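Enquirer: Model the structure of this input:
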Amino acid sequence: MITRRHLLGTCIGLALSLAGLAQDRGELAKNNPVAIISLVQGDVEIKRPEGDWQPAYWMTLLRPEDQLRTPDKGKVLVDFFSDDHLEAIDANTEAKVAFKSLTKVQGQGGVRREQARDRAVVEIPIPYMLERKLYGKDLAGASEPEALEKEKVFLGAAVWPELFPPVFQWKQVNATLYRLQLFNEWDEVIYETKVKENRFKFPYHGPFNLAKNSQYLWQVLTPDDQIVVRKYAFTLLTTPHARELARVERRFEQTKNAGKAMQNHYTDMFIHYNNRKLIDRLLGLLLQMSKKDPENPMIYRALVRVYLAKGCPAHAQQALDKELQLNGVDPLFD
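Expert: Residues are numbered from 1 along each chain as shown. Sure thing, here's the model as predicted:
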């Protein structure tokens, strides 16, 4: 016979169990991202713990306990950061994200590991250009008069850190001379030179040797201190990394030229550029991606951070406005 006391005890136990489960899910939701959506076909949806079903965009970061579901004739491809392997969710299927894999929840299709050629089995960092927090001070100066026009000069600059010594180039502003400055990672000036052209290659026998796999910053000024390149960082690539970059870019260009480039190919290039801190290449790639998927808030989220890395808060603000217009979530912290 079930007494009132037994029933009450059962209800309390169930309530505590559900509360514990909700707490566990909440804690899991605070974990760092474990994967990224590499490709989306059809109206794929995502459900965060304790949230509702919402559209799942290409380049969305995933955490444990997130759920994904695909429509009829849909598909989603997920790239896990733990070892850079891919998993696919077939059409009309629901799956849950774990730390290193997907688990099927229900549906007619399956969840399977994708076999991709030339894929290294190695852990990859979480893409900084998607995860970095935004602060109000980051966008200071975005509303200054003619800020967008001024920043177009900054955006005309690029550095080639895979070359050794590296090559720097910037926009011609009809100055008689340009002052190029290099800084170490502690923002201390370590080199300065004056050149007539809007291009400079660091000398083979310079006053000191630049170290590969080290971070530097650079900027360019005119003699009257007009900023031509707003200071930003780059990392000199080692010889193996430079060869890897050439190989990856060559394969990507061949895929594009053959008309076979899909979202996952662009995702792979984004992750590679992000890992090597290739800011200039990231910007060009993301602008291509925004043309392929102009209603994707995740692409504009990444653009916000790349523009900030290039010292262009007005362009970053413009990208942030577009991201929020597309229902992106990207809070500003104090």
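
Enquirer: show me what contacts Ser38?
Expert: Trp58, Leu77, Val78, Asp79, Leu86, Gln263, Asn264, Thr267, Asp268 (CB atoms under 8 Å, 6 or more residues apart in numbering). In this view, the C-beta of every residue, glycine as well, is placed from N, C-alpha and C.

Enquirer: what residues are up against the third one?
Expert: Listed by CB under 8 Å, 6+ apart, the contact partners of Val78 are Ala35, Ile36, Ile37, Ser38, Leu62, Leu68, Leu86, Glu87, Ala88, Ile89, Val97, Leu102.

Enquirer: host element of it?
Expert: strand 75-80 (DSSP states H and E).

Enquirer: Could you work out the end-to-end span of stretch 291-301 for me?
Expert: From its first residue to its last, stretch 291-301 covers 15 Å (CA to CA, to the nearest Å).

Enquirer: If you count neighbours, what's buried in that stretch?
Expert: Asp293, Asn296, Pro297, Met298, Ile299, Tyr300, Arg301 (16 or more other CB atoms under 10 Å).

Enquirer: model confidence over it, on average?
Expert: Averaged over stretch 291-301, pLDDT sits at 98.

Enquirer: now swap in stretch 161-175 and tell me
Expert: 96.

Enquirer: Tell me the buried residues in it?
Expert: Pro161, Glu162, Phe164, Pro165, Pro166, Phe168, Gln169, Trp170, Ala175.

Enquirer: From the residues you listed, pick the one nearest Gln317.
Expert: Trp170 (23.1 Å; CB to CB).

Enquirer: what does stretch 270-282 contact?
Expert: 36, 59, 79, 124-125, 127-129, 157-159, 161, 215, 232-235, 237, 241, 245, 248, 285-286, 289, 302, 306, 309-310.

Enquirer: Among those, name the ones in helices.
Expert: The helices, defined by DSSP state H, take in Tyr128, Met129, His241, Leu245, Val248, Leu285, Leu286, Met289, Ala302, Val306, Ala309 from those.

Enquirer: what sits against the residue nearest to the spatial centre of the chain?
Expert: In the chain, the residue lying closest to the centroid (CA atoms, centre = their mean) is Met129, at 3.6 Å. By CB under 8 Å, 6+ apart, Met129 lies in contact with Phe270, Asn274, Leu282, Ala302, Arg305, Val306, Ala309.

Enquirer: Can you lay out those as JSON lines showing distance to Glu253 and neighbour count?
Expert: Below are the contacts of Met129 laid out as JSON lines (distance: CB to CB, whole Å; neighbours: other CB atoms under 10 Å):
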{"residue": "Phe270", "distance to Glu253": "15", "neighbour count": "23"}
{"residue": "Asn274", "distance to Glu253": "19", "neighbour count": "24"}
{"residue": "Leu282", "distance to Glu253": "16", "neighbour count": "24"}
{"residue": "Ala302", "distance to Glu253": "21", "neighbour count": "28"}
{"residue": "Arg305", "distance to Glu253": "25", "neighbour count": "26"}
{"residue": "Val306", "distance to Glu253": "21", "neighbour count": "24"}
{"residue": "Ala309", "distance to Glu253": "24", "neighbour count": "19"}
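
Enquirer: Show me which of those residues is closest to Glu188.
Expert: Distances from Glu188 to these, taken by CB to CB, are shortest for Ala309, at 19.8 Å.

Enquirer: what bits of the protein have low per-residue confidence?
Expert: 1-30, 115-121 (pLDDT under 70).

Enquirer: Tell me where it has helices.
Expert: Counting by DSSP H, the helices of the chain are 4-29, 128-131, 147-154, 239-257, 263-275, 279-292, 297-309, 313-325.

Enquirer: Relative to Phe200, which of those is closest?
Expert: helix 279-292 (15.3 Å).

Enquirer: List the buried residues in that closest one.
Expert: Ile279, Asp280, Arg281, Leu282, Leu283, Leu285, Leu286, Met289, Ser290.

Enquirer: got JSON lines for those residues, with distance to Leu180 too?
Expert: Formatted as JSON lines, those follow (distance: CB to CB, whole Å):
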{"residue": "Ile279", "distance to Leu180": "17"}
{"residue": "Asp280", "distance to Leu180": "16"}
{"residue": "Arg281", "distance to Leu180": "21"}
{"residue": "Leu282", "distance to Leu180": "22"}
{"residue": "Leu283", "distance to Leu180": "20"}
{"residue": "Leu285", "distance to Leu180": "26"}
{"residue": "Leu286", "distance to Leu180": "26"}
{"residue": "Met289", "distance to Leu180": "31"}
{"residue": "Ser290", "distance to Leu180": "31"}
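
Enquirer: Which one of the residues you listed is nearest to Arg48?
Expert: Met289 (23.7 Å).

Enquirer: Just the buried residues of the contacts of stretch 270-282.
Expert: Buried among the contacts of stretch 270-282 by 16+ other CB under 10 Å: 36, 59, 79, 124, 127, 129, 157-159, 161, 232-235, 237, 241, 245, 248, 285-286, 289, 302, 306, 309-310.

Enquirer: re the thing from before, sort out which one of the contacts of Ser38 lies nearest Asp43 for me.
Expert: Out of the contacts of Ser38, the member with the shortest distance to Asp43 (by CB to CB) is Trp58, at 12.4 Å.

Enquirer: Alright, I will stop here.
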